[in-house]
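# have a look at this prediction, sequence included:
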Amino acid sequence: MYLKNEDVKMEAVENARGGKGTIYKTSFLTKTEMKNSSRLFGKIVIPPGCSFGYHEHQDEGEAYHILQGTGLYNDNGETYEVHAGDTTYTMSGCGHGIENIGDEDLVLIALILLDK
């Protein structure tokens, strides 16, 4: 399978998980390709001042790999400043959220892995 950039659609999500403003989500693969291993493999773009609200995961974990920008990452109530090259992971039963605290877009790859 080969997908060109124009084959993958970006979706605007307002107040994602109770966050601030509008974020932009691009899913690289569908449920068909991911089968029962994953729920999301995609790119998230968070403009300055916007956020992906704090949320918990059950029966799955989620990793963020930061490609660009500066964010404030909430890991189960503890916060960290994250930058390009950093990776975060939230396991099942835990929660997280992220806010763009910089002056450029915060861009990350998100991967949700289902517990087996």
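Right, received. Where do you want to start? Numbers count the residues shown, from 1 in each chain.
# could you use CA atoms for every contact and neighbour count after this?
Will do.
# and the closest residue to Asp105 other than its chain neighbours, how many residues sit next to it?
Nearest in space to Asp105, with sequence neighbours left out and distances taken as CA to CA, 6 or more residues apart in numbering, is Pro47 at 4.5 Å. Residues near Pro47, counting by other CA atoms under 10 Å, number 21.
# begin at 22 from here
Sure thing, new numbering starts at 22, so read that last one as Pro68.
# return the residues in contact with Pro68.
Thr43, Ile44, Asn121, Glu125, Asp126, Leu127 (CA atoms under 8 Å, 6 or more residues apart in numbering).
# buried members of those residues into ChimeraX, please.
Buried residues within these, by 16 or more other CA atoms under 10 Å, are selected in ChimeraX with:
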select :43,44,121,126,127
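# list just the nearest of the contacts of Pro68 to Glu35.
Thr43 (4.2 Å; CA to CA).
# distance of the closest one from Glu54?
For Thr43, the distance to Glu54 equals 27 Å [CA to CA, to the nearest Å].
# convert the helix or strand bottoming out on mean pLDDT in the chain to PDB, retaining C-alpha atoms only.
Within the chain, no helix or strand scores below helix 52-55, which has a mean of 86 by mean pLDDT, DSSP states H and E. Output of helix 52-55 as PDB, limited to C-alpha atoms (Å, rounded to 0.1, in the frame of the first residue of the first chain):
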ATOM      1  CA  LYS A  52      -8.700   0.600  11.300                       C
ATOM      2  CA  THR A  53      -8.500  -1.900   8.400                       C
ATOM      3  CA  GLU A  54      -4.700  -1.500   8.200                       C
ATOM      4  CA  MET A  55      -4.100  -1.300  11.900                       C
END
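# name the residues of the helix or strand following that helix that come out as buried.
Once helix 52-55 ends, the next helix or strand along the chain (criterion: DSSP states H and E) is strand 59-67. Using 16+ other CA under 10 Å as the test for burial, strand 59-67 gives Ser59, Arg60, Leu61, Phe62, Gly63, Lys64, Ile65, Val66, Ile67.
# ok, and the closest non-adjacent residue to Glu81?
Glu81's closest residue in space is Leu135 (CA to CA, 6+ apart), at 4.2 Å.
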